[in-house]
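In: What follows is a predicted structure for the sequence shown.
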Number of protein chains: 2
Amino acid sequence: MKMMVLLSNGFEEVEAVAPVDILKRAGVAVDIYSTTGNDVLKGAHNIDFLADKILPDNINSKELSDNYDGVILPGGLPNAHNLRDDERVNEIVMAFYNKSKVIAAICASPCTFEKLGLLEGKKATSYPGCINQDSCGEYTQEAAVRDGNIVTGRSAGAALDFGFEILKALGLEKEAETVKSQIIY
Amino acid sequence: MKMMVLLSNGFEEVEAVAPVDILKRAGVAVDIYSTTGNDVLKGAHNIDFLADKILPDNINSKELSDNYDGVILPGGLPNAHNLRDDERVNEIVMAFYNKSKVIAAICASPCTFEKLGLLEGKKATSYPGCINQDSCGEYTQEAAVRDGNIVTGRSAGAALDFGFEILKALGLEKEAETVKSQIIY
């Protein structure tokens, strides 16, 4: 299994690292894509990361959604708004959604799903105030929640829970329990 | 206030990022030092970080322990053993300890404190099996624990708790509560 993570500058470092860590421990490959054209990504708290890949200007969203099992949007500002306003990100999310692959966003980043109308009738969460609660079927205060293939997380404090919920959305419930025990969570 | 973090390759990404994030949210400056001579640090799960500074071969531990309020050793292997076996790291930890500044280690990294005999008579934790329990006054199963200026954490799953315990060791109890509420933890 293989997941892609989309990032621009100003992302919440914990919200990027925790789910990637959890996924990799469970044997899922993860590629972190920079959407900025630069392989150095600046976190909201000035921790710099190196992306695995740079998202090209001309993407092939069919190929990406064939090659990966899901896409993850960490939060943080301005990252979440950069992603929401990036047509390539919108196209990728729609391509995964239309193939019933996993789409996951945390903190401020569910705003992309809201913009695309994907939360209608769905149970979802976000950082308080980051999406209009009426855009969801049911807005919840849970740390992380899954409705079908859509996973949303609340905050940096929920980043590990968000990772475990993504594993479950991939059908890796047993692996999720093993990793939880490994990291004593 | 200002803290230093020491890292080599093979560190647990969550254990590095979470405390740095918590500290910076509380207004504490943090410098991440690479002990490898290279500013690109490779995490245990192949997430690459850029260090803020490179630790020189000839360190001035007096100056470092004057300039910073504490030192943090994230875990992960081989990072924890690299740090334990690095004479510069040992000298820095002793310099901070002797000035009653904060020394903090999580997961496998309390092995440096064990090697230096700093856990004798102290309450401490670590990832199970990473230190000899008899090297502490009291070995605990808590996520994160503080005894005087020594903070230890158990595992990647305890990385946020470890960050909050470091804030408390710095006398920033109120800030710890504010950040907990900000990240909804």
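Out: Structure received.
In: got any ranges where chain A has weak pLDDT?
Out: Filtered on pLDDT under 70, chain A yields no residues whatsoever.
In: For it, which residues are neighbours of chain B?
Out: By CB under 8 Å from any CB of the partner chain, the residues of chain A that approach chain B are A:12-14, A:17-18, A:20-21, A:24-25, A:32, A:40, A:45-50, A:127-128, A:143, A:154-158, A:160, A:180, A:183-185. Placement of C-beta: from N, CA and C, glycine included.
In: In strands, which of those fall?
Out: Those of these mapping onto strands are A:Ile32, A:Val40, A:Asp48, A:Phe49, A:Leu50, per DSSP state E.
In: Report the two of these separated the most.
Out: For those, the maximum inter-member distance is 12.7 Å, found between A:Ile32 and A:Asp48 (CB to CB).
In: Need the overlap of contacts for these two.
Out: Common contacts of A:Ile32 and A:Asp48 (CB atoms under 8 Å, 6 or more residues apart in numbering or on different chains): A:Leu41.
In: Those two: which is more packed in?
Out: The neighbour count for A:Ile32 versus A:Asp48, taken as other CB atoms under 10 Å in any protein chain shown, is higher for A:Ile32 (24 against 18).
In: correct me, but the more buried one touches A:Ser8?
Out: No: between A:Ile32 and A:Ser8 there is no contact under CB atoms under 8 Å: 11.5 Å.
In: Overlap of the contact sets of these two?
Out: Contacts common to A:Ile32 and A:Ser8, judged by CB under 8 Å, 6+ apart, are A:Leu41.
In: where does A:Asn60 fall, phi/psi-wise?
Out: When read as degrees, to the nearest 10, the backbone of A:Asn60 gives phi -110, psi 90.
In: typo on my end, it should be A:Asp57
Out: Torsion angles, degrees, to the nearest 10, at A:Asp57: phi -60, psi -40.
In: distance of it from chain B?
Out: 24 Å (CB to the nearest CB, to the nearest Å).
In: For that residue, which residues are in contact?
Out: Going by CB under 8 Å, 6+ apart, the list of residues near A:Asp57 reads A:Arg88.
In: Next one: it from A:Ala80, what distance?
Out: A:Asp57 sits at a distance of 21 Å from A:Ala80 (criterion: CB to CB, to the nearest Å).
In: Would you tell me what helix or strand the residue nearest to the spatial centre of chain A is located in?
Out: Nearest residue to the geometric centre of chain A (CA atoms, centre = their mean): A:Ile72, 2.3 Å. Assessed by DSSP states H and E, A:Ile72 sits inside strand A:70-73.
In: buried ones in the helix or strand immediately after that strand in the chain?
Out: Using DSSP H and E, the helix or strand that follows strand A:70-73 towards the C-terminus is helix A:79-84. By neighbour count with 16 or more other CB atoms under 10 Å in any protein chain shown, helix A:79-84 contains the buried residues A:Asn79, A:Ala80, A:His81, A:Asn82, A:Leu83, A:Arg84.
In: closest to chain B among those?
Out: For the buried residues of helix A:79-84, the minimum distance to chain B (CB to the nearest CB) is 14.2 Å, reached by A:Asn79.
In: Touching, that closest one and A:Ser8? I think so.
Out: Yes: under the criterion of CB under 8 Å, A:Asn79 makes contact with A:Ser8 at 5.0 Å.
In: Now do the contacts for the residue nearest to A:Cys111 when sequence neighbours are not counted.
Out: Closest residue to A:Cys111 apart from its sequence neighbours, by CB to CB, 6 or more residues apart in numbering or on different chains: A:Arg84 at 5.0 Å. Residues in contact with A:Arg84 (CB under 8 Å, 6+ apart) are A:Asn90, A:Ser109, A:Cys111, A:Thr112, A:Lys115.
In: repeat that with 7 Å
Out: A:Cys111, A:Thr112, A:Lys115 (CB atoms under 7 Å, 6 or more residues apart in numbering or on different chains).
In: and if you look at A:Tyr33?
Out: Per CB under 7 Å, 6+ apart, neighbours of A:Tyr33: A:Met4, A:Val5, A:Leu6, A:Leu7, A:Ala51, A:Lys53, A:Leu55.
In: What residues are bridge-paired with it?
Out: A:Leu6, A:Lys53 (DSSP bridges).
In: Can you point out the helix or strand that includes A:Ser100?
Out: A:Ser100 belongs to no helix or strand, assigned by DSSP H and E.
In: That one and A:Asn149 touch, don't they?
Out: Yes: the pair A:Ser100 / A:Asn149 is scored as a contact, 5.5 Å apart, by CB atoms under 7 Å.
In: Compare neighbour counts for the two and give me the winner.
Out: For the pair A:Ser100 and A:Asn149, the greater number of neighbours falls to A:Asn149 (18 against 9), based on other CB under 10 Å.
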